[in-house]
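[1] Sequence and predicted structure are below.
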Amino acid sequence: MKTARPVVAGIDAGGTMTDTILVDEFGTFTIGKAATTPQLESIGFLESAIEASDYRGIAIEDMFASVEVVLYTGTGMLNVLLSRTGRNIGLITNKGIEDMVLMGRGLQSWGDYSYADRLHAVTHHHPPPLVTRRNTHGVTGRMDHMGDEIIPLYEHEVEQAVNTLLDKEVDVICICFLFSQVNPSHEILAEGIARTILTRRKAKTELLCSHQVRPVIREQSRLNSLLIEAYATGGGRKQLKSIEKVARENGYRYGVQTLQSFGGLTSINHPNLHETMVSGPIGGVLGARYISQIIENDSLVVSDLGGTSFDMGIISKGQIRIDQEPLIGRFKLNLPLIAMDTIGAGAGMHVKVDPLTKKVSLGPESAGSEPGPICFDKGNLVPTICDCNAILGRLNPDYFLGGKVKLNVDLAYEKFRETCADILGVDNVYDVAEGMINMLDSEAGVALRRMLSAQGIHPSEYTLLSYGGSGPLHLGGYSRGIGFKDIITFQFAAAFSAFGCTTADFQKRFSRSVHLDIPLDASFMDLQETVLTINNIWGDLKNKALEQMVSEGHTADQIGFQPFLLMRYTGQLEDVEVYSPIDTINSANELNRVIATFRNIYKNINRSVSDYGQTSVSVMEMGMIASVEKIKPRLKKSKLGKSKPEKRAYKGHREVYFNSKWEKTQLWEMDEILPGNEIRGPAIIEHPATTLVIHPGDEVFMDEWSMLHYRHQE
Amino acid sequence: MNNQLREEYKLLVEGQLPWSQTKNLMSSYKDRDRFFKILEIYQDKVEWDEKILLPIGEHLFIVQKGNQRIVKCTCGHEFGDYRKNWKFQSALLVRDKVEDLESIYPHSDVCDPSWMEIREFICPGCGTLLEIEACSPGYPITFDFCPDLEGFYSEWLNHPL
């Protein structure tokens, strides 16, 4: 098996670590890990790829020469946005709304804060604007919400604005007018004027219009999407290009792919690159969708515990929730993103005790990969959850990242005693460390319960997937008592997000805002008219998608199309994404089939009691997804062997602290555990990239797909 | 106080600390003696020796001078007993004409001076603008703050005054 050639390399650069997963034609994985290097991501990318190749026993050049897809999801664009190192942009908008950028949305001033900071208004702070007020020019002209012209566009004002912005040497000119998603004619006119001036002045300035970037309702979000595309994608694309360059230099023959936030793969030359800005965490949900087919349960809860955050998502009856207006880098965008709930909780999280009140708290800061926890011995002196795990013997000091990082447990103990245990006045440092870990576990557990109850879901129907570098380390703790149908983790838990990304297909998603009310008593003629509108829009979007897919090298006959609609019961505020069961709607009856699909999905998401019965529906957005299948990793199925693990898997034992006492704990090597094996806690299964802790009395079983099932003691 | 912390608090006092760090300070626990650390920084910044008891403005402090407690400006100008309104000892500029108001709000609408005036209290020693009042003409000058120094030190700081 070791000679099989790798075909897919998935690389996921997270906030702390960059994970590489190499998948061969038989579906075997190897995983590499290296610290993320935000300044020049290609360094971390290459190191992590080298490590994955090393584990496989092949040279990096052979790996790159062999793979057919290199898929990279990174943080480059987000970093450009957060560090405000993007391009200098100018904005032309309607007269009277020039301050929209400065005023922003209220929730942008606290959106990503911890609960405590949200409550304390003194900490609220609007994100610094991406375009200055001086570079924002209002021009007279107005379109109403139906797309009718109320005031014609004053062309001389557009000319004046363009000239002023060119004098100021901006890199990009953005044009965003009210209701351009309904009628873009003013934007098109202004763009034409600007282009003429650019040609005349021989300027290299780029032009971007909101109806091209995202013709979707909600002005502030459309404006934010436009500005971020203009501001951040330059630097982000540079990072991606540098990744591609490194891959090519090492023998890779094709273009590097990246992932859009709704779950589709695309080339790094994708025009609206801001759609790929947040893609790392969603890999887990894609992976879960893939796993759901294997375990034959299409209702899953995913949980990803890394160094800095705990991300959770839900797949209900095969339906992935899409957030249509997420908050990214503290900006509201109308960008479809696979919905994930996130809390600041991770193994790198600082643990602190207030010297005044003795209140214990986790985070919100985290040690990151540099300098890392105290036990990394790189200068950090604030204890973290990782240090607590090291103190309690749950982490192997000589086998962290396969022994690459030696953990200085004594130093961690000393500092933890000084800054936490002593202040609390507790002599037994181990009890305090275990308490900290319990706190993290219960915060994560409470977050899971909160998400489940908000969705009206009963956990007994759902399988919990746990992954992320620290997922298996805390799985036993945070899943306790919730009552999931099954709890699964993986040998490759640390790279599950990267694995999930490799299961994605090439996809493009185009959509347009509409407003079609379909009353219950609609006449036949009305329905016919609606059908016609729907088909026209789908036709347009299909052509656009086809054109872009072909331009990226796919052939027309490979491309599959999936039309979709965002629908709601008339008068509601939230949409439901409905994949149309038919490609074109040819009759009123077929339209009713689509409406029936909507009702079903609505019921699945919101439970059957929520059915509205006889109510009109509205279509708010229509779209088209074009996809081309990609080679995917396959999980290997093996025969179940005996329940006792092989001798070579046994690594000895260590004293580990559980429930306020030291327990003699068996140690196992993850890669040597075989299907059918059962291990009873207290035990620890070690892997270079992760550690699975089995609490006393609990049990882990490996199934025929090499997935690890965690069973709590009855 | 270590040097790093001193530097951070110094920037905070000067209004130069970057927002991310300021926010971190706001969101994390306060050190027990933060008040005295800040006093230490103020004390280093001024050129006079009287002990600062309480800052009451960006440039004003209540200080211990002999057995008196007086209000003193960064520049050294003294305003007398802290229990009396220091504003009465300051130089006062009242903007109650349109042109005076427009000189600070150019190219903008200004208030109607018959409804509102702006009073600027200035240090006679160094000319620094210490405080501003925006109020209707004839409104008495406000006494911003007469702290209970003894109570604050004994009950809040647990420290002799």
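    Cool, the structure landed.
[2] so how many other residues sit close to residue 115?
    I'll assume chain A. When neighbours are counted by other CB atoms under 10 Å in any protein chain shown, residue A:115 registers 9. In this view, the C-beta of every residue, glycine as well, is placed from N, C-alpha and C.
[3] if you could check chain B rather than the one you did, that'd help
    For residue B:115, the count of nearby residues is 8 (other CB under 10 Å).
[4] thought residue A:229 was touching residue A:277?
    No: between residue A:229 and residue A:277 there is no contact under CB atoms under 8 Å: 9.4 Å.
[5] how about the nearest residue to residue 75, chain neighbours excluded?
    All of this refers to chain A. Excluding the flanking residues, the one nearest residue A:75 by CB to CB, 6 or more residues apart in numbering or on different chains is residue A:13, at 5.7 Å.
[6] oops, chain B please
    residue B:126 (3.6 Å).
[7] any idea where the helices of chain B begin and end?
    B:3-13, B:19-27, B:34-45, B:98-104, B:149-151 (DSSP state H).
[8] and if you look at the stretch 501-650 of chain A?
    A:524-551, A:588-606 (DSSP state H, counting those that start in this stretch).
[9] what residues go with each domain of chain B?
    Following automatic domain parsing, chain B resolves into domains at B:1-45, B:46-157.
[10] Could you work out which of those domains reaches nearest to residue A:525?
    domain B:46-157 (55.3 Å; CB to CB).
[11] Would you list the phi and psi of the spatially closest residue to residue B:145 that is not a sequence neighbour?
    Distances taken as CB to CB, 6+ apart place residue B:56 nearest to residue B:145, at 5.6 Å, with adjacent residues excluded. Main-chain dihedrals, residue B:56, degrees, to the nearest 10: phi -120, psi 10.
[12] Give me the pLDDT for residue B:56.
    On pLDDT, residue B:56 comes in at 95.
[13] I'd like to know how many residues surround the residue of chain A at minimum distance from chain B.
    For chain A, the residue closest to chain B is residue A:354, as judged by CB to the nearest CB, at 4.0 Å. Residue A:354 sits with 15 neighbouring residues when counted by other CB under 10 Å.
[14] so it touches residue B:29, yeah?
    Yes: counting by CB under 8 Å, residue A:354 does reach residue B:29; the two are 4.0 Å apart.
[15] Quick check: residue A:480 vs residue A:695, distance?
    Counting by CB to CB, to the nearest Å, the separation of residue A:480 from residue A:695 is 8 Å.
[16] The two: who's more crowded?
    Using other CB under 10 Å, the more surrounded residue of residue A:480 and residue A:695 is residue A:695, with 20 against 16.
[17] so that one makes contact with residue A:476?
    Yes: judged on CB under 8 Å, residue A:695 makes contact with residue A:476 at a distance of 4.4 Å.
[18] which neighbours do those two share?
    Residues touching both residue A:695 and residue A:476 (CB atoms under 8 Å, 6 or more residues apart in numbering or on different chains): residue A:681.
[19] Tell me which helix or strand residue A:245 sits in.
    Assigned by DSSP states H and E, residue A:245 falls within helix A:219-249.
[20] Would you mind listing the buried residues in that helix?
    A:219-237, A:239-240, A:242-244, A:246-247 (16 or more other CB atoms under 10 Å in any protein chain shown).
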